[in-house]
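Asks: Sequence plus predicted model, see below.
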Amino acid sequence: MGKVIAIANQKGGVGKTTTAVNLSASFAAMEQRTLIIDIDPQANASSGVGVDVKNLENTIYELMVTDLPGVDAVHATEMPFLDLLPSHINLVGAEIELVHEDNRSYVLRNKLEELRRKYAFILIDCPPSLGLLTLNALTAADSILVPVQCEYYALEGLGQLLNTISRVKQLLNPNLAVEGILLTMFDSRLRLSNQVVQEVKRLLGNNVLETLIARNVRLSEAPSHGKPVLLYDALSLGSKHYMELATEIMRRNGISIPQGVVSVAPPETTQTIDTVVAEHPHNGTHHAAKTIAPIHTATEQSVINPQ
Ligand SMILES: Nc1ncnc2c1ncn2[C@@H]1O[C@H](COP(=O)(O)OP(=O)(O)OP(=O)(O)O)[C@@H](O)[C@H]1O
Ligand SMILES: [Mg+2]
């Protein structure tokens with residue numbers, strides 16, 4: 001049975017979607033079958049993996065308001081181990097359409113039963129609110145991952161989120177666990193970033209994940225190309241940090257880390273790490289090859305996609 005992780009924080013712009021897309025891609029690169037569920041009407045995670053939602057028929061909206069089975073709303077992505085259950089702007093109306101449903105907080109949970117069997121990980125990208133859509137995600141999830149941006153108001157609203165989690169546990173989903181607090185957009189040059197990390201760790205201790213996601217321009221550029229950062233610039237700091245996060249979460253969940261494989265693209269576009277470095281000799285990120293390699297590949301010569 002796959003693990004369902006909701007990525008939630010009602011604060012906007014903290015890195016939920018960036019984390020959903022790039023953590024999913026990193027799991028998929030390690031050949032873990034992964035599904036992203038985009039339950040945010042903004043549909044940023046859907047476009048972030050290259051799916052144009054404008055003319056799609058089977059989306060999370062149909063899943064939530066009709067009897068469409070979960071498997072029929074799944075779409076493939078460019079990565080062999082990564083699928084998407086896309087969002088649609090119509091989802092804005094779903095909260096109202098579901099108002100009279102008795103089981104309105106359980107709709108997603110009930111639809112996921114079959115999908116859980118097909119995937120190692122299912123990541124849900126939540127909207128920036130604690131409304132019915134986020135409630136459905138938290139009711140369906142095994143755990144919640146909370147991105148927190150390293151900025152002055154980092155902890156604002158976190159108390160409200162923690163209250164919501166304990167109410168969901170009491171009323172809807174007693175098994176909901178906290179996967180961790182993830183510090184995002186960290187800038188080691190800023191004293192403020194370092195202070196936020198210390199403060200969050202002091203207050204939340206073991207709940208804070210070890211991996212820090214640095215501010216990295218490749219992470220903000222990749223969505224406009226409809227790609228996870230691993231496909232956009234495999235050697236960037238953003239790729240490295242999200243691979244580290246995937247490794248940390250797999251380790252915490254007792255899942256063994258496959259050695260020597262990183263599957264990022266269909267076979268016809270096979271690249272070696274050496275090729276990627278040669279193609280970007282001046283981008284200032286080629287040093288990442290040395291740091292990314294020991295985690296995921298046996299040697300620096302390893303092929304990114306061995307298939
Ligand atoms: N580590 C990072 N480095 C640089 N830019 C980042 C990073 N993480 C996120 N961003 C950028 O910050 C912005 C907000 O990120 P993102 O969309 O992931 O946040 P969100 O929490 O999903 O927002 P919303 O609440 O609107 O759904 C985006 O432009 C994204 O590209
Ligand atoms: Mg988002």
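Replies: On my side now, so go ahead. Ligands and ions are numbered 1, 2, ... in the order given.
Asks: who in the chain is up against ligand 1?
Replies: Contact residues (Cβ under 6 Å from any ligand atom) of the chain with ligand 1: 12-18, 40, 42, 44, 128, 184-185, 213, 215-216, 219-220, 223. Any C-beta I mention is one placed from the backbone N, CA and C, and that applies to glycine too.
Asks: For the longest helix along the chain, the averaged confidence score.
Replies: Identified as the longest helix of the chain according to DSSP state H is helix 237-252. On average, the pLDDT along helix 237-252 is 97.
Asks: Run through the neighbouring helices and strands of it.
Replies: Applying 3 or more Cβ pairs under 8 Å, 6 or more residues apart in numbering; DSSP states H and E, we find helix 237-252 packed against helix 16-29, strand 177-186, strand 208-214, helix 217-221, helix 229-232, helix 288-296.
Asks: check whether the first one contacts ligand 2.
Replies: Read that as helix 16-29. Yes - residues of helix 16-29 are located near ligand 2 by Cβ under 5 Å from the ion, namely 16, 17.
Asks: CA atoms of the following helix or strand past that helix as PDB?
Replies: Scanning forward in sequence from helix 16-29, with DSSP states H and E defining helices and strands, the next element found is strand 34-38. Extracted C-alpha coordinates of strand 34-38, given in PDB (Å, rounded to 0.1, in the frame of the first residue of the first chain):
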ATOM      1  CA  THR A  34       4.500   8.200  -7.600                       C
ATOM      2  CA  LEU A  35       1.300  10.000  -8.100                       C
ATOM      3  CA  ILE A  36       0.800  13.800  -7.600                       C
ATOM      4  CA  ILE A  37      -2.800  14.800  -6.800                       C
ATOM      5  CA  ASP A  38      -3.300  18.400  -7.600                       C
END
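Asks: Distance-wise, check the spatially closest residue to residue 173 that is not a sequence neighbour relative to ligand 2.
Replies: Of all residues not flanking residue 173 in the chain, residue 139 sits nearest, at 4.9 Å (Cβ to Cβ, 6 or more residues apart in numbering). Taking Cβ to the ion, to the nearest Å as the measure, residue 139 falls 20 Å from ligand 2.
Asks: about what we covered before: could I have the buried ones of the residues of the chain next to ligand 1 as ChimeraX selection syntax?
Replies: Entered in ChimeraX, the line below selects the buried ones among the residues of the chain next to ligand 1, by 16 or more other Cβ atoms under 10 Å:
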select :14,15,16,17,18,40,42,44,128,184,185,213,215,216,219,223
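Asks: and the residue lying farthest from the centre of the chain, what pLDDT?
Replies: Here the chain reaches farthest from its C-alpha mean at residue 100, the gap being 31.0 Å by Cα atoms, centre = their mean. For residue 100, the pLDDT comes out at 84.
Asks: Residue 69 against residue 114, yeah?
Replies: Yes - counting by Cβ atoms under 8 Å, residue 114 is a contact partner of residue 69 at 6.8 Å.
Asks: Between these two, tell me which one has more neighbours.
Replies: The residue with more neighbours, out of residue 69 and residue 114, is residue 69; 14 against 11, by other Cβ atoms under 10 Å.
Asks: contacting residues around that one?
Replies: Taking Cβ atoms under 8 Å, 6 or more residues apart in numbering, we find residue 69 in contact with 111, 114.
Asks: how about it, phi and psi?
Replies: phi -70, psi 150 (degrees, to the nearest 10).
Asks: Roughly how far does the residue in the chain that ligand 2 sits nearest to sit from residue 239?
Replies: Nearest residue of the chain to ligand 2, counting by Cβ to the ion: residue 17, 3.2 Å away. Taking Cβ to Cβ, to the nearest Å as the measure, residue 17 and residue 239 are separated by 16 Å.
Asks: Could you find the closest non-adjacent residue to the residue of the chain closest to ligand 2?
Replies: residue 44 (4.5 Å).
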